[in-house]
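Novice: Next comes the sequence, and after it the predicted model I'd like to discuss.
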Amino acid sequence: MVRQAHHERNLLPTVRPEPVEGQRSYVQNATLIDQFLDAVWVEQGLSENTLSAYGSDLRIFAQWLKARSMLEVNNGDLSDFLASRFKEGIGSRSSARILSSLRRFYGYYIRENSITVDPTALIESPHIGRPLPSSLTEDDVELLLNAPETAHILGFRDKAMLEMLYATGLRVSELVNLTLDQVSLRQGVVRVVGKGNKERLVPVGEEAMSWLENYLNETRLTLLSGRQCSYIFVTNRGDSMTRQAFWHIIKRYALKAGIDKPLSPHTLRHAFATHLLNHGADLRVVQLLLGHSDLSTTQIYTHIARERLKELHSKYHPRG
């Protein structure tokens, strides 16, 4: 089955066919891109966003080629194209994405025996350093945690959620999906079902557990008004809290607290990990608490551990 959306769109809307020699290549390139997108959609079930990204990258390259066929380029042509994009101010991450799209495109036509040499084969991907996660200072977190008006019922709920998020390092989705049977007030732990349906036990500090217990015993019951809901954190309509709704709440309190740093759904999670390491926690312990299946994922925080070691060495070594 051919994916009709691709045929209904003009795949190269920004390319203007040249009157004579460019017309044939224009049509051919449009057909090549169309065929590639249909094939990867059928074979791999890629999302619309991914297909759109591939199409956009390939259209840019087709436009750069002008009157030439995409199947007649060589290694030097691709290098020149990427160099031209760099001069236009395209960063390493965008260049790597475009090259990835071209690799898949030419890999497909190698398999189709339309070409015998992959022009991307000898081109190295731009080096992309993994960005360090943005975080909040301990003072920032204190301001954020103290922002809710706990005299109000929704403010009390929000305070309990923020305290739990910072105390446990849960993903926002994990927090809003917590159910009553996942929390042990007596043991002070939550049983979290994370990515890949993997379970982990996460301890909760006394401060956060106190707010949670008071919320469960009073605030939550008021919000429910006799209605039934298995989720811990609920709205004033008695429904479960959504990830998007809670993130809007966090941003509102950050604004109220005067925190003008960029926030993401993982900001408090990163702060949790960063502050643990700053206070001497082992990287593998942080890995377990965050629910990372591989230590390499947690190693984005190793810069924090190194800085902490340098600080301790400088402070305590006689020749530091």
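Specialist: That came through, no problem.
Novice: centre of the chain versus stretch 276-292, how much separation?
Specialist: The chain centroid and the centroid of stretch 276-292 are separated by 20 Å, computed with Cα atoms, centre = their mean, to the nearest Å.
Novice: can you tell me the average pLDDT over it?
Specialist: Throughout stretch 276-292, pLDDT has a mean value of 77.
Novice: Please identify the buried residues of it?
Specialist: 276-277, 281, 283, 286-287, 289-292 (16 or more other Cβ atoms under 10 Å). Bear in mind the C-beta positions are built from the backbone N, C-alpha and C, glycine included.
Novice: What segments of the protein are strands?
Specialist: Along the chain, counting by DSSP state E, strands occupy 183-184, 189-193, 199-203.
Novice: possible to save those strands as TSV with mean neighbour count?
Specialist: What follows is those, written out as TSV (neighbours: other Cβ atoms under 10 Å):
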stretch	mean neighbour count
strand 183-184	16
strand 189-193	18
strand 199-203	14
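Novice: right, so of these, which gets closest to Leu51?
Specialist: Leu51 lies closest, by Cβ to Cβ, to one member of the strands of the chain: strand 189-193, at 31.1 Å.
Novice: Report how many residues lie close to Tyr26.
Specialist: 21 (other Cβ atoms under 10 Å).
Novice: Could I get the pLDDT score of it?
Specialist: 75.
Novice: what's the answer for Ser230, then?
Specialist: For Ser230, the predicted pLDDT is 93.
Novice: now do Ala30
Specialist: 87.
Novice: tally of neighbours for it?
Specialist: The burial count for Ala30: 19, using other Cβ under 10 Å.
Novice: Next one: Gln35 from Phe105, what distance?
Specialist: Distance of Gln35 to Phe105, computed by Cβ to Cβ, to the nearest Å: 10 Å.
Novice: coming back round to it: now the two most distant members of the buried residues of stretch 276-292.
Specialist: Applying Cβ to Cβ across the buried residues of stretch 276-292, the maximum distance is between Leu277 and Gly291, 16.3 Å.
Novice: isn't Ser79 right next to Ile123, touching?
Specialist: Yes. At 6.4 Å, Ser79 and Ile123 qualify as touching, with contact defined as Cβ atoms under 8 Å.
Novice: Now do the contacts for the nearest residue in space to Thr242 that is not next to it in sequence.
Specialist: Once flanking residues are discounted, Thr242 sits nearest to Val176: 6.4 Å by Cβ to Cβ, 6 or more residues apart in numbering. Shown here is Val176, whose contacts under the criterion Cβ atoms under 8 Å, 6 or more residues apart in numbering are 231, 233, 240-243, 246.
Novice: go again using 10 Å as the cut-off
Specialist: Residues near Val176 by Cβ atoms under 10 Å, 6 or more residues apart in numbering: 161, 165, 170, 231-234, 240-247.
Novice: Buried among these? Make that a ChimeraX selection.
Specialist: In ChimeraX, a selection of the buried entries from those looks like this (16+ other Cβ under 10 Å):
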select :161,165,170,231,232,233,234,240,241,246,247
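Novice: Can you flag which of the contacts of Val176 belong to helices?
Specialist: Judged by DSSP state H, the subset of those located in helices is 161, 165, 243-247.
Novice: what domains does the record give for this protein?
Specialist: The chain breaks down into these domains under automatic domain parsing: 4-111, 138-316.
Novice: ok, back up a step: nearest to Leu223, of the contacts of Val176?
Specialist: Taking Cβ to Cβ as the measure, Leu223 sits nearest to Val234 out of the contacts of Val176, at 5.2 Å.
Novice: Quickly note the distance from His248 to Thr242.
Specialist: From His248 across to Thr242, the span is 9 Å (Cβ to Cβ).
Novice: ok so, going back, would you format the strands of the chain as TSV with mean pLDDT and distance to Leu99 included?
Specialist: Listed next are the strands of the chain as TSV, based on pLDDT from 0 to 100; distance: least, Cβ to Cβ, whole Å:
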stretch	mean pLDDT	distance to Leu99
strand 183-184	92	47
strand 189-193	88	37
strand 199-203	87	37
